[in-house]
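> I'd like to go over a predicted model; first the sequence, then the structure.
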Amino acid sequence: MARRILIVGNGVAGVSAALTLRARDDSAEITLLSDESDYFFSRTALMYALMDKLPRRAMEPYERKVWDKQNIQRVRARVTNLDADAHTVTLDDNRTLAYDILILATGSAPRPLPLEGDDAVREGRVHFVTLQDLDACERLVHSTARAVVVGGGLIGIELVESLLWHKIQTTFVVREGWYWPAALCREEGAMVADHMRAHGVTLVTDDEVRAVHADANGRVKSVQTKNDKTVACELLGVAIGVVPNVRWLSETKPPPALGRGIRVDERLQTSLPDVYAIGDCAEVIVPNKLDANGEAKRKVESIWYAAKRQGEFVARGLSGAHERYAPPRFFNSAKFFEVEYTTVGDWEDIPEGAESVLLRLPGKTVSARLVHDGSKFIAFNALGSRWDTPVLDQWMDEGRSLEWVRRHLHEAQFDVEFGRAPLRKMQETVLEARP
Amino acid sequence: MRRKGPMGWLAHDVTHRGVTAWMLTIALAMFYVVLYWGDGPNGVNPLDKIAWLLHLGRPGQSGAKWTLYGTLYTLAVTLGGIGMIRRYGHNRYQVVRTMVVVFVQSTFAFSVPLFMKFAGHPEHYFSYFWPLKMYYFEPGFIRSNPAPLVLWSLIGSMVLVPVLGVFFGKRWYCSWVCGCGGLANTAGEPFRALSDKSERAWRFEKITIHASLALTLVTTAVVLASAFVPGNHPVLDLYAVKFRESYALIVSALLSGVVGVAAYPVGGTRVWCRYFCPMAAMLGLLQKAGRFRIRVKKDMCISCGMCSNYCEMGIDVRSYAQANESFTRASCVGCGMCAEVCPRGVLTLENSRKRDPQEQLVQIRLKR
Ligand SMILES: Cc1cc2nc3c(=O)[nH]c(=O)nc-3n(C[C@H](O)[C@H](O)[C@H](O)COP(=O)(O)OP(=O)(O)OC[C@H]3O[C@@H](n4cnc5c(N)ncnc54)[C@H](O)[C@@H]3O)c2cc1C
Ligand code: SF4
């Protein structure tokens, strides 16, 4: 009999698993479940939809006919319970589905921010993670003149940019001393801050939102910060990060082993038989590394390419491949308004006192930071130009020295034709890699 | 999600096939109908009269409408070009490309021919070649023009077009030189996202554009045969005239004018270029065999869809990017907009020496 493969979550992880499986197994009965959308859409495109740059349909990476052609069933429902012994799941419409293999790809949920005064708020408080959040933002922007966004990460700045596009006066509240300390050093954080301010963002650092006030109709009216600043606003965006979407699993009997996310082994299998977990909800093992407690180091790779890799990996494993999953060295790129950002390297592992060379183009938001541990090039951060991340990654693999990398740096540039960032004109400073 | 206010409504409506977009399309179509077929019994077109009023021709001079049309066209390209550069000034490729296309339009496609006309020469468009300009390959043209002009046209079509096509792809012509592309990439910019991205449209395009090329080749062959085959062939001559006339009607007026430009607000900017232009068809074949390609940075695509949405040729760029496949598509005009709008810097245009055929085994690029 054909295997029944049930995938909970139709995000990039679940969909990559489904399509890869289908390419290798013609007969499997593949079902994709989602409580969010009928068709796979790109979560990363939320801001472009909000800014009228993409119609909703264009957020879908595949034409709709693909799912029938690939013979992949889609079910719109929320899974509420899992019975690993019986090999079934229960849906919110009380249906029960049986599986031979269950793949959990439930992604992440916004990290909650409890605030004083929350109870009185019925309208005007948003996250920016799901399609429903996008609906809410679209409903609210036309009745909003001022907004506050909390949280100094990527989702926060994307929401800020979208609100600004709607000509909404926006205050961006960041708890730390500069924008995105998890990814940017102080100097780069300051460059991005200047750029945001030039776009009209009111950036507030070293502060947190403590309370929210609503008007008689329950619409957000203002917020109050820890430093007792009151900011009037009709919309409060909360973007203080995401957490693996696993809460519902702690109540199942028996639950899979949970840490920050669903704990999986090197084949991405959970502690339950025939149950796998992939994408933002999975906590994978980093091979050959120990954490502070001397246990195998674990990591939630909440990033697009990792979800995709994990989806493809689990599908290969289910069709006979014997591989061990290992997260790659971290890399990413993003955009802060017009400023492009590229990073390569595991910044959290940078040893104490590591040095870096910061190259900056005077007067422009263009920089590149090369971090080395005394002998080898170990991390890279750049603003304002494009870089070929696989090349930089390869240099780190090859253990290249700082001098070698500086001589060859132009080979990793990825800017448009005629538009290469002029490395020769960049001024350099030697700085600690971390403040 | 549109911006608030009446201007927000209008900006959205006109670029999203709303009422105002349809009104604009109808207005543009009517303009072209009058331009091509609106001559009165005395040979005077209403647009001639407007041209005389604007001193774009001596009163009474017929054909002044073409000067008016050229002026409006060049104005649209120039103003749209300025808008383009203001908006994408941070992208040097877009700046250089736009400046070149505005320059070519205002000189070779407008003021130079105009100047020739005033000086009493027959006008000549140095930026157009066969097969786009069928006439430049015809015996009538070859016999009656000075040698340098004839040479330029012949060398242009036989040497320049193919050689540059192989080395730089289609883009050197379609988005750097050509007036049709020039208008699309300047004044037409707000409408670029309207192109049809479906696989069905791609299949349709492959048929129509190659049919158009075939029609052009046949027409050229018949015209050349009627002129050069020795002896008297009344049937052939008749066909030569018929073919030429229908080519002028279908291709030049109907498709590149009425459909090509009037469709901007409802079908996107490159309807003519994508489905019908014989020059684009030829350059597309050269491009497939040549060096131009769009390189995809590995594992960086977040499938957001900006590249596909803003592709005026309706190429589903995302389907290649998310599969980590560098690629060359015959229809790509190399405008570079996918690389510009990509928020993750995944794409780059290049003339690559090493051809890296689209062979990597990729799981997700759907094979069914
Ligand atoms: C605004 C924004 C911008 C981002 N930008 C980037 C970026 O630029 N680069 C990058 O690398 N990453 C980015 N990310 C992160 C990226 O989107 C995620 O890493 C990725 O989507 C994870 O995919 P996934 O398939 O694991 O989960 P998800 O995409 O979260 O999909 C999980 C799906 O499962 C459904 N689901 C959950 N529980 C259940 C249940 N019990 N029953 C049924 N269905 C359920 C959810 O509704 C959801 O549809 C961004 C995220 C956001 C929100
Ligand atoms: S715009 Fe860039 S990130 Fe988005 S789908 Fe295209 S290539 Fe991928």
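Structure received. Residues are numbered from 1 along each chain as shown, chains lettered A, B, ... in the order given. Ligands and ions are numbered 1, 2, ... in the order given.

> Touching stretch B:341-356 from outside, list them.
Residues outside stretch B:341-356 that contact it (C-beta atoms under 8 Å, 6 or more residues apart in numbering or on different chains): A:48, A:53, A:333-335, A:340, A:342, A:386-387, A:414-417, B:93, B:167-169, B:171, B:291-297, B:300-302, B:304, B:306-307, B:309-310, B:317, B:321, B:326, B:334, B:336, B:338-339. Heads up, the C-betas are built off the backbone N, CA and C, glycines and all.

> Next, report how far that stretch is displaced from the centre of its chain.
Averaging C-alpha positions (C-alpha atoms, centre = their mean, to the nearest Å) puts stretch B:341-356 23 Å from its chain's average.

> Show me what counts as buried in it.
The neighbour-count criterion (16 or more other C-beta atoms under 10 Å in any protein chain shown) identifies B:341-349, B:351 as the buried residues of stretch B:341-356.

> what mean pLDDT does it have?
Here stretch B:341-356 scores 87 as its mean pLDDT.

> quick check, stretch A:118-134 touching ligand 1?
Yes - taking C-beta under 6 Å from any ligand atom as the criterion, stretch A:118-134 and ligand 1 are in contact, through A:128-129.

> Output that stretch as PDB, nothing but the C-alphas.
The C-alpha trace of stretch A:118-134 is given here as PDB (Å, rounded to 0.1, in the frame of the first residue of the first chain):
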ATOM      1  CA  ASP A 118      -3.700  44.700  26.900                       C
ATOM      2  CA  ASP A 119      -7.200  43.700  28.100                       C
ATOM      3  CA  ALA A 120      -8.700  47.000  26.900                       C
ATOM      4  CA  VAL A 121      -7.300  46.700  23.400                       C
ATOM      5  CA  ARG A 122      -9.500  45.200  20.700                       C
ATOM      6  CA  GLU A 123      -8.100  46.800  17.600                       C
ATOM      7  CA  GLY A 124      -4.800  48.200  16.500                       C
ATOM      8  CA  ARG A 125      -2.300  45.800  17.900                       C
ATOM      9  CA  VAL A 126      -0.600  43.700  15.300                       C
ATOM     10  CA  HIS A 127       2.200  41.200  14.600                       C
ATOM     11  CA  PHE A 128       3.700  40.800  11.200                       C
ATOM     12  CA  VAL A 129       4.100  37.000  10.600                       C
ATOM     13  CA  THR A 130       1.000  35.500   9.100                       C
ATOM     14  CA  LEU A 131      -1.400  36.200   6.200                       C
ATOM     15  CA  GLN A 132      -3.900  37.100   8.900                       C
ATOM     16  CA  ASP A 133      -1.500  39.700  10.200                       C
ATOM     17  CA  LEU A 134      -1.200  41.100   6.800                       C
END
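
> what does that stretch rub up against?
A:36-37, A:41, A:43, A:46-47, A:49-50, A:108-110, A:136-137, A:140, A:144, A:155, A:158-159, A:212-214, A:217-220, A:234-239, A:242.

> Now for A:Arg407, how many residues are close by?
Neighbourhood size, A:Arg407 [other C-beta atoms under 10 Å in any protein chain shown]: 11.

> Am I right that it is in a helix?
Yes - counting by DSSP: H, G, I helix; E, B strand; the rest coil, A:Arg407 is found in a helix.

> Out of the contacts of stretch A:118-134, which are close to ligand 1?
Checking the contacts of stretch A:118-134 against ligand 1 by C-beta under 6 Å from any ligand atom, the ones in range are A:36, A:43, A:46, A:108, A:155, A:158.

> Low-confidence stretches in chain A?
For chain A, residues meeting the criterion pLDDT under 70 lie at A:435.

> Let's see which of the contacts of stretch B:341-356 end up in helices.
Counting by DSSP state H, the contacts of stretch B:341-356 place A:48, B:93, B:167-168, B:171, B:306-307, B:309, B:317, B:321, B:338-339 in helices.

> Buried ones among the residues you listed?
Among the ones in helices among the contacts of stretch B:341-356, those that count as buried by neighbour count (16+ other C-beta under 10 Å) are A:48, B:93, B:168, B:171, B:306-307, B:309, B:317, B:321, B:338-339.

> Can you pick out the most distant pair from those?
Comparing all pairs in these by C-beta to C-beta, the longest separation belongs to A:Tyr48 and B:Phe168, at 30.6 Å.

> And the residue of the stretch 301-435 of chain A that's closest to ligand 1?
Among residues of the stretch 301-435 of chain A, the one nearest ligand 1 by C-beta to the nearest ligand atom turns out to be A:Trp304. It sits 3.2 Å away.
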